[in-house]
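>>> sequence unavailable; structure follows:
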């Protein structure tokens, strides 16, 4: 009996010891890799947002700039008080800029300056509190074990962040500084703009003929040269599609035909590219046997090192009114099944985004997501989205309007995917696909779930401490 009691006691002690060791290990794990940051949110951005259309008024920008300069010089006063002093010195009341009109632009009973000052301070505090909650949500979403965030100076927009259990400091920075600007764009088919693209080829040839080295001086001169009315009219007049096919004969069909006859081509590749220099950089999305555009919004493919130069050419064509102002060529990562290995780097796909107007706005954008979740299938990572009720209605109308066409999903200026719409999509559901790693998909989903920050944020202080594991 005594032996059994001793065995039971030993078991109990061992259990307690094991729990103590596990507790110690958990303590070490919780405190491993700590990180301290001080983040500054932009109070001028908040004021500009509240000023609305008056944010560009001279009196507003002058007062805000002077207040910011005083604060940076060491004055301890609240930036709103400094702003008010500067604004008042110009002899205008604050209601000239803030809260003086309703949504219809009609004048309402103006608030006093003191009332507006208090409202502005409350708005800054509210924005700071909201930013703290966004940060907290984002950091917990990437698995940080302990998050301590609080405001340390509302008047300067300073927020203190202390973290424990940080595995990757860079992922923390992404969540603090990152934006999740999600947009849904209509697209233009290549067949609709192919003649405009060929006009860009003429511009590139003009540049090369003027000076083969394409030095900036010559390029600037050409950018300032405006086409004659006759050239503009000729570029815009409707043309038959087969005229485009004839334009590419020398580049594709002629060479291929002579190669099939075992004849020496009458035109070399070098000569072809001399006549069509744009296509040496941009591989057009066309049928190389018939010379006609393939269906869809893909303009073509290019090496990463050439994308900036190609974008410059498209922008130059827009400046010269030779390319539609409501079409916005935007780069997407070259899809894996089209890729091929070459020494000069990765390939990218150019997509023709389209706006209803010339303002360059997407068909659907803003804080339109209520839920973003990741999933994996066949070694590909996806982000499944659920929209707000208002966005779901807009999404249904947008997809109904574009049945048979592509809609591009753009995140932070990059086309993630451009699926073709088969039918109107109800319920506010969509999905982002792309070349995401599991960690990238998780980070994007976290940004989308936490909402977008409409103010600039910068890290003004940072310290990362890596804890060395204690060996058993």
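Thanks, I have the structure now. Treat the numbers as computed from the prediction; the structure is a model and nothing was measured.
>>> can you count the residues close to the residue nearest to residue 162 when sequence neighbours are not counted?
Spatially, and ignoring its direct neighbours in sequence, residue 162 is nearest to residue 148 (4.3 Å; CB to CB, 6 or more residues apart in numbering). For glycine as for every other residue, the C-beta is placed from the backbone atoms N, C-alpha and C. Residues near residue 148, counting by other CB atoms under 10 Å, number 11.
>>> quick one, what contacts residue 148?
160-163 (CB atoms under 8 Å, 6 or more residues apart in numbering).
>>> which of those lies closest to residue 454?
residue 161 (19.7 Å; CB to CB).
>>> thought residue 146 was touching residue 166?
No: if you go by CB atoms under 8 Å, residue 146 and residue 166 don't touch, sitting 9.6 Å apart.
>>> between these two, who's got more neighbours?
Counted by other CB under 10 Å, residue 146 and residue 166 do not tie: residue 166 has more neighbours, with 21 against 14.
>>> among the contacts of residue 148, which are located in strands?
Judged by DSSP state E, the subset of these located in strands is 160-163.
>>> tell me the buried residues within the residues you listed.
For those, a burial check counting by 16 or more other CB atoms under 10 Å picks out 160-161, 163.
>>> following the helix or strand encompassing residue 36, which helix or strand comes up?
Per DSSP states H and E: residue 36 is located in strand 34-41. Downstream of strand 34-41, the next assigned helix or strand under DSSP H and E is helix 43-51.
>>> what's that next one in contact with?
55, 57, 60, 64, 68, 79, 83, 97-98, 120, 123-124, 127, 155-157, 454-456.
>>> likewise stretch 304-313?
Applying CB under 8 Å, 6+ apart, the contact partners of stretch 304-313 are 200, 203-204, 278, 281-282, 302, 329, 331, 344-348, 350.
>>> who's in contact with residue 91?
Contacts of residue 91 (CB under 8 Å, 6+ apart): none.
>>> that one and residue 59: what is the separation?
Residue 91 sits 9 Å away from residue 59 when distances are taken as CB to CB, to the nearest Å.
>>> can you check residue 317 too?
Distance, residue 317 to residue 59, by CB to CB: 39 Å.
>>> again, but for residue 154
When residue 154 is compared with residue 59 (using CB to CB), they lie 25 Å apart.
>>> more neighbours: which of these two?
residue 154 (19 against 15).
>>> any weak-confidence spans in the stretch 301-450 of the chain?
333-345, 357-359 (pLDDT under 70).
>>> at which residues are the strands of it located?
Applying DSSP state E, counting those that start in this stretch to the stretch 301-450 of the chain gives strands spanning 327-333, 347-354, 364-365, 369-377, 380-387, 407-411, 414-417, 429-433.
>>> can these go into TSV with extra columns for mean neighbour count and distance to residue 467?
As requested, these are exported to TSV (neighbours: other CB atoms under 10 Å; distance: least, CB to CB, whole Å):
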stretch	mean neighbour count	distance to residue 467
strand 327-333	21	37
strand 347-354	23	41
strand 364-365	18	42
strand 369-377	15	29
strand 380-387	19	31
strand 407-411	23	35
strand 414-417	19	36
strand 429-433	18	36
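>>> will you turn those strands into JSON lines that also has distance to residue 192?
Output for the strands of the stretch 301-450 of the chain, formatted as JSON lines (distance: least, CB to CB, whole Å):
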{"stretch": "strand 327-333", "distance to residue 192": "9"}
{"stretch": "strand 347-354", "distance to residue 192": "8"}
{"stretch": "strand 364-365", "distance to residue 192": "21"}
{"stretch": "strand 369-377", "distance to residue 192": "31"}
{"stretch": "strand 380-387", "distance to residue 192": "28"}
{"stretch": "strand 407-411", "distance to residue 192": "15"}
{"stretch": "strand 414-417", "distance to residue 192": "18"}
{"stretch": "strand 429-433", "distance to residue 192": "24"}
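>>> does residue 157 touch residue 41 like I think?
Yes: between residue 157 and residue 41 there is a contact under CB under 8 Å: 4.1 Å.
>>> just give the closest residue to residue 33, not the sequence neighbours.
Using CB to CB, 6+ apart and skipping the chain neighbours, the partner closest in space to residue 33 is residue 166 (4.4 Å).
>>> and the helices in the stretch 51-200 of the chain?
58-72, 79-89, 113-141, 169-177, 190-210 (DSSP state H, counting those that start in this stretch).
>>> now the first one: average pLDDT?
Averaged over helix 58-72, pLDDT sits at 88.
>>> may I see the buried residues of it?
60, 63-64, 66-68, 70-71.
>>> hang on, the earlier thing: shared neighbours, residue 157 and residue 41?
residue 128.
>>> burial measure for residue 311, as a count.
Using other CB under 10 Å: residue 311 sits among 15 other residues.
>>> where exactly do the helices run in the stretch 251-400 of the chain?
253-260, 269-275, 278-281, 307-319, 389-401.
>>> deepest of those helices, which one?
For the helices of the stretch 251-400 of the chain, the largest average neighbour count (mean count of other CB atoms under 10 Å) is found in helix 278-281, namely a mean of 19.
>>> can you give the distance of that one from its chain's centre?
Helix 278-281 sits 27 Å away from the centroid of its parent chain (CA atoms, centre = their mean, to the nearest Å).
>>> closest to residue 131 out of the strands of the stretch 301-450 of the chain?
Here strand 369-377 is closest among these (CB to CB), at 18.3 Å.
>>> so in terms of bridging, what pairs with residue 406?
Beta-bridge partners of residue 406, counted by DSSP bridges, are residue 420.
>>> now stretch 145-156: buried residues?
Result for stretch 145-156 [16+ other CB under 10 Å]: buried residues 145, 147, 149, 151, 154-156.
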